[in-house]
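S.K.: fold the following, please.
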Amino acid sequence: MAELAALQVLKELVPPELQTPRVGIICGSGLSGLATSLRQIVLVSYDKLPGFVESTVPGHKSILAFGLMGSGAGVPVVAMLGRFHPYEGHKLSSVVFPVRVMAKMGVKDIFITNAAGALNPALAVGTVVVVHDHIALPNLTGMNPLLGPQQDPSLPRFLPLSDTYSRSLRKLVFKAAHELSIERDALAEGTYAWVSGPTYETAAEGRFLRGIGADVVGMSTVPEVVAAREEGMNVLVLSLVTNAVVIPEGYKSVRDEVEAEIAGNPKAEVVDEVVSHEEVLALGKLKGGLVKSLVEKVLDLL
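M.R.: Below is the predicted model:
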């Protein structure tokens, strides 16, 4: 079993006091700074671990970090400083493999972070969205991480997802925000839409996702969430809004533009907006401190 092989290597590389982390953390794009909160940190490269693949996306490292986080004696945690995405060419079983290893280490609560685009116009860039539900079109159309033979016959074959996002952990986030005196509008609650990527959404796709009830959209997280729930973990997801999805309010007709030019009354040139990964990473670095503070305080409140 590949998970057991990875655990055997970790036993040789990680001190005994850090080998049974209470909490697992997955860092999203530009959010690897969470690791700066760790004390007694031990870093293990993915290439040393059987079953782990390489994260190839800018803003993601290929490192597993162990350490203590939080005040006082601290809570033992393990953090992925780079995640895997299906669009990189990784199998879904590889994408969720680290989550299964975390489960075998004894992780009970998993905190998953990501950078996301805002579909809901009420969500300002820089807002941290506490996810309470998701829409996963790939899951519904044949790209579900639980398809195929079961990893473990003792796990549920038909996994309910209506209670996926832990209410108690979500409450702790808002209690943490209160204790940290974080402004109310810095946090929101919402539904995350998972799309396969690596393309950003067209305007029509953005309108569609907004119309079916999604507040933010991203290219990760849900496979890890599903595997974590199958393994019996409590799940918390924090989405940092790094950009607004480009959804123009109305279509500017090219025909009208050309006819106006022919008539000698040219209209103002229309410049189509675009989103870049560099923009996402920059905002992640700028606002990553807010996510880090929340995670640290939630650990204190656990």
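
S.K.: tell me which stretches of the stretch 1-150 of the chain form helices.
M.R.: 2-13, 92-95, 97-105, 137-140 (DSSP state H, counting those that start in this stretch).

S.K.: out of those helices, deepest packed?
M.R.: Ranked by mean neighbour count, the helices of the stretch 1-150 of the chain are led by helix 97-105 with a mean of 23 (mean count of other Cβ atoms under 10 Å). (C-beta placed from N, C-alpha, C; glycine too.)

S.K.: which secondary structure elements does it contact?
M.R.: helix 2-13, strand 23-26, strand 75-80, helix 222-230 (3 or more Cβ pairs under 8 Å, 6 or more residues apart in numbering; DSSP states H and E).

S.K.: give me the pLDDT for residue 250.
M.R.: Here the pLDDT value assigned to residue 250 is 79.

S.K.: tell me the spacing between it and residue 267.
M.R.: 14 Å (Cβ to Cβ, to the nearest Å).

S.K.: neighbour-wise, which of these two wins?
M.R.: residue 267 (13 against 5; other Cβ atoms under 10 Å).

S.K.: wait, that one sits on residue 257?
M.R.: Yes. At 5.6 Å, residue 267 counts as touching residue 257 under the criterion of Cβ atoms under 8 Å.

S.K.: which ones are touching the nearest residue to residue 215 once chain neighbours are set aside?
M.R.: Spatially, and ignoring its direct neighbours in sequence, residue 215 is nearest to residue 190 (3.2 Å; Cβ to Cβ, 6 or more residues apart in numbering). Taking Cβ atoms under 8 Å, 6 or more residues apart in numbering, we find residue 190 in contact with 120, 123, 129, 130, 131, 132, 214, 215, 216, 239.

S.K.: from residue 169, how far out is the fifth one?
M.R.: The span separating residue 131 from residue 169 equals 11 Å under the rule Cβ to Cβ.

S.K.: list the residues that contact both of the two?
M.R.: By Cβ under 8 Å, 6+ apart, no residue touches both residue 131 and residue 169.

S.K.: give me the residues contacting whatever helix or strand residue 173 lives in.
M.R.: According to DSSP states H and E, residue 173 maps onto helix 167-179. Applying Cβ under 8 Å, 6+ apart, the external contacts of helix 167-179 come out as 109, 111, 130, 132, 186-187, 189, 234-236, 238, 293-294, 297-298, 300-302.

S.K.: all helices for the stretch 151-300 of the chain, in order.
M.R.: Counting by DSSP H, counting those that start in this stretch, the helices of the stretch 151-300 of the chain are 167-179, 203-211, 222-230, 254-262, 277-301.

S.K.: how far does the first one sit from the chain's center?
M.R.: It stands for helix 167-179. 18 Å (Cα atoms, centre = their mean, to the nearest Å).

S.K.: return the set of buried residues in it.
M.R.: For helix 167-179, a neighbour-count test (16 or more other Cβ atoms under 10 Å) marks 169, 170, 172, 173, 174, 176, 177 as buried.
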